[in-house]
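Student: pasting the sequence and the predicted model now:
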Amino acid sequence: MTTPSRRRLMRDFKKLQDDPPAGVCGAPTEESIMRWEAVIFGPQDTPFEDGTFKLTLEFTEEYPNKPPTVKFVSKMFHPNVYADGSICLDILQNQWSPTYDVAAILTSIQSLLDEPNPNSPANSLAAQLYQENRREYEKRVQAIVEQSWTSFSDGNSEERNAAGTSNVVETGRGTNSTNENAPVENESSNETPNDGSNMDE
């Protein structure tokens, strides 16, 4: 059944394919358009440079009026990322707006990597090191960057292959590859979309 939230997610996906932001990419899984897998590449000239970090996004039928649940799957060491991968970011909480789409979510998280808020820490050790011992902080970040390489070089990862994440990665690196396995919903319905968004399409 096509719902306003699902129509909106199809538009978000099309936008990501047609005009992908630099350094981020994402796509729905085969199982459901309400569950996405994404990749954020570490920003250049930051401790996270060269990292390849996987995330999941879980949407509800209340999207875009309510934000998705976003978590890092890759191990992360950052002042605003909890041990379970949950992200402490204002636009995913009290500053959420229906005008935000998946591209905005991913680029905001990418910016957060290099611009943490140590005054509102999810990881107290990372926040302390960021403020008091930047060299040790960067050393620990480099360790998780290297772990992210190992994660993506695992050719036996069934999860990656099933979700089409390898194709998503190529898209994010600036190729024309797409996730051909992403679900396609029938948009021929005569219903008028009413997703609560103020976005100009």
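Tutor: The structure has been received and is ready for your questions. Numbering: from 1, shown residues only.
Student: from V70, how far out is A104?
Tutor: To V70, A104 is 12 Å away according to CB to CB, to the nearest Å. All C-beta spots, glycine's among them, are computed from the backbone N, C-alpha and C.
Student: again, but for I105
Tutor: Using CB to CB, I105 is found at 7 Å from V70.
Student: shared neighbours, those two?
Tutor: 57, 92 (CB atoms under 8 Å, 6 or more residues apart in numbering).
Student: how far does the helix ranked longest in the chain sit from the chain's center?
Tutor: Scanning the chain for the longest helix, with DSSP state H as the assignment, gives helix 134-153. Helix 134-153 has its C-alpha centroid displaced from the chain centroid by 18 Å (CA atoms, centre = their mean, to the nearest Å).
Student: coming back round to it: of A104 and V70, which one has the most company?
Tutor: Between A104 and V70, V70 has the larger neighbour count (other CB atoms under 10 Å), namely 22 against 15.
Student: tell me the buried residues in stretch 122-134?
Tutor: Neighbour-count burial for stretch 122-134, counted by 16 or more other CB atoms under 10 Å, picks out 122-123, 126-127, 129-130.
Student: can you tell me which of these end up in helices?
Tutor: Short answer: the buried residues of stretch 122-134 in helices (DSSP H) are 126-127, 129-130.
Student: how about JSON lines for those, with distance to P28 and pLDDT added?
Tutor: Converted to JSON lines, those look like this (distance: CB to CB, whole Å; pLDDT from 0 to 100):
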{"residue": "A126", "distance to P28": "31", "pLDDT": "98"}
{"residue": "A127", "distance to P28": "34", "pLDDT": "98"}
{"residue": "L129", "distance to P28": "36", "pLDDT": "98"}
{"residue": "Y130", "distance to P28": "34", "pLDDT": "98"}
